[in-house]
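Novice: Return a 3D structure for these sequence lines:
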Amino acid sequence: DGAPAKTSLSAFNPAMGMALDTAYRQVQDRGSFLLRGAELNVESPVDPYLKAWAILNADAQEVTLEEAVLETTALPYNLTLRGGRLFASFGRLGHFHGHELPVIDRPKSLEDFIGGEAQGDGVEVSYLLPTAHYINATLGMYNKLGAENTRAANGVTRPLSAFTYLGRVNTAFEFADDHQVDLGFSSAWTPRRVVTENMATTTSGNVVGEVTKKNTWRTLNGIDMTYRWQPAAGGLYKGFLWGTEVFQNNERTYGRNVSDDNLPKDRAMSYGGYSFIQMKLGRHWRPTLMYDVTQTLDAPRTNTNTLTLALAYDVTEFHRLRAAFSQETNSLPGSWHNDVVGLQWTAFFGRHVHGFRDR
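Specialist: A predicted model of the protein is given here:
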């Protein structure tokens, strides 16, 4: 009776897990094998009022810190506060990691309009409205939005007018026990940007300098909708998912894809988005159809259309194989098109979760 209780030496260690994601990708008649990611996550409650997680991802070229977040719900008035390097609450698929996507490649509209994953160094506060119907509102402030967004850098200081601010409202509706619709509206606004202008083009000098121009604000808006049919009776391996996002980008252009003089051009309003459907056909099979339309940010009259057919085979809930075919075409008459074939092999071990993604 007096013996000490048996405990594991690792009882107080954080939960850990890893996702290994590899692929073969062939464009036209040329292909290569890709280490898309070896993603390590670490998560743990810090104390009864705070939890933390970090995610490292290694590909064939580098190791990057994708997320490092502190989050607390121990605030009054249904508030949740999170900060650090996080995936901003913009849209839906923007805060999905690559191995979580319904197809192999991230939709082009997300790549161009958001800048890949919706990563941001900053802070967010969410408010769960005290209503009978679920409504959640989020405000965020970041150095920039988008992991591959080159308009701004994380390692520089800036005035308050040069940060990116986000607002999002999302809600959900349930119809009977089998049907659910999630709706969200997001808006990200950067009031002022510092741009690099080639002074040799406009003056007698030959210096490239950073100047602050007027009318450099940028707004990115998005609407997302997700419909799920999940049978309440015997529906663990049956279901239907329909997801759609539409983006609107409004900014003054500076020569991207038009010229290389970096001089300010006219303000452009571009649109893009995707829609996909995915079915659960028993324990293993997951066919997916996605269509993406992306206008060029500097030339909205030109758009790229991408049709993707994918078929995933879930060997288990920890092991997935996927094959996909995409055809990417440009809207200009007689212009290029690409046929892309992809094969993906993904496995998970340990505690590797990103929340309830398949709701």
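Novice: where along the stretch 251-359 of the chain do the strands fall?
Specialist: Here the stretch 251-359 of the chain has its strands, by DSSP state E, counting those that start in this stretch, at 267-281, 285-296, 299-316, 319-330, 337-350.
Novice: cool, the stretch 51-200 of the chain as well?
Specialist: 63-72, 79-87, 119-128, 135-142, 164-175, 179-190, 194-198.
Novice: Save the ones you listed as JSON lines, and put in mean neighbour count, mean pLDDT and distance to residue 218 too.
Specialist: C-beta here means a position set from N, CA and C on the backbone, and glycine is covered the same way. Below are the strands of the stretch 51-200 of the chain laid out as JSON lines (neighbours: other CB atoms under 10 Å; pLDDT from 0 to 100; distance: least, CB to CB, whole Å):
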{"stretch": "strand 63-72", "mean neighbour count": "16", "mean pLDDT": "94", "distance to residue 218": "24"}
{"stretch": "strand 79-87", "mean neighbour count": "18", "mean pLDDT": "95", "distance to residue 218": "20"}
{"stretch": "strand 119-128", "mean neighbour count": "19", "mean pLDDT": "96", "distance to residue 218": "14"}
{"stretch": "strand 135-142", "mean neighbour count": "18", "mean pLDDT": "97", "distance to residue 218": "13"}
{"stretch": "strand 164-175", "mean neighbour count": "17", "mean pLDDT": "95", "distance to residue 218": "8"}
{"stretch": "strand 179-190", "mean neighbour count": "18", "mean pLDDT": "96", "distance to residue 218": "5"}
{"stretch": "strand 194-198", "mean neighbour count": "16", "mean pLDDT": "60", "distance to residue 218": "11"}
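Novice: Tabulate those strands in CSV, adding columns for distance to residue 150.
Specialist: Compiled in CSV, these are given as follows (distance: least, CB to CB, whole Å):
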stretch, distance to residue 150
strand 63-72, 16
strand 79-87, 17
strand 119-128, 13
strand 135-142, 15
strand 164-175, 14
strand 179-190, 13
strand 194-198, 11
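Novice: In contact with the residue nearest the centre of the chain, which residues?
Specialist: Of all residues in the chain, the one closest to the mean position by CA atoms, centre = their mean is residue 94, 1.8 Å from it. Residues in contact with residue 94, defined by CB atoms under 8 Å, 6 or more residues apart in numbering, are 87, 88, 110, 114, 117, 118.
Novice: and the residue lying closest to it once chain neighbours are set aside, how many neighbours?
Specialist: By the measure of CB to CB, 6 or more residues apart in numbering, the closest residue to residue 94 outside its immediate chain neighbours is residue 118, 3.5 Å from it. Neighbour count of residue 118, defined by other CB atoms under 10 Å: 27.
Novice: Quick check: residue 118 touching residue 90?
Specialist: Yes: taking contacts as CB atoms under 8 Å, residue 118 lies within contact range of residue 90: 4.7 Å.
Novice: Now the common contact residues for the two.
Specialist: The contact lists of residue 118 and residue 90 share residue 145, where a contact means CB under 8 Å, 6+ apart.
Novice: follow-up on the earlier one: now render the strands of the stretch 251-359 of the chain as a markdown table, adding mean neighbour count and distance to residue 103.
Specialist: Output for the strands of the stretch 251-359 of the chain, formatted as a markdown table (neighbours: other CB atoms under 10 Å; distance: least, CB to CB, whole Å):
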| stretch | mean neighbour count | distance to residue 103 |
| --- | --- | --- |
| strand 267-281 | 18 | 7 |
| strand 285-296 | 19 | 5 |
| strand 299-316 | 16 | 5 |
| strand 319-330 | 17 | 6 |
| strand 337-350 | 16 | 8 |
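Novice: do you know which of those strands lies nearest residue 62?
Specialist: Between residue 62 and the strands of the stretch 251-359 of the chain, the tightest spacing by CB to CB is seen for strand 337-350, at 20.1 Å.
Novice: Distance from the chain centre to the closest one, please.
Specialist: Offset of strand 337-350 from its chain centre (CA atoms, centre = their mean, to the nearest Å): 17 Å.
Novice: Same check on stretch 266-279?
Specialist: Here stretch 266-279 shows a centroid-to-chain-centroid distance of 14 Å under the convention CA atoms, centre = their mean.
Novice: ok so, going back, reformat the strands of the stretch 251-359 of the chain as a markdown table; add distance to residue 140 and mean pLDDT.
Specialist: Listed next are these as a markdown table, based on distance: least, CB to CB, whole Å; pLDDT from 0 to 100:
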| stretch | distance to residue 140 | mean pLDDT |
| --- | --- | --- |
| strand 267-281 | 21 | 94 |
| strand 285-296 | 24 | 96 |
| strand 299-316 | 27 | 93 |
| strand 319-330 | 32 | 94 |
| strand 337-350 | 29 | 92 |
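Novice: Show me the contacts of residue 94 that map onto helices.
Specialist: In helices, defined here by DSSP state H, the members of those are residue 110.
Novice: now, among the contacts of residue 94, which is nearest to residue 146?
Specialist: residue 114 (4.9 Å).
Novice: What is the neighbour count of the closest one?
Specialist: Neighbour count for residue 114, taken as other CB under 10 Å: 31.
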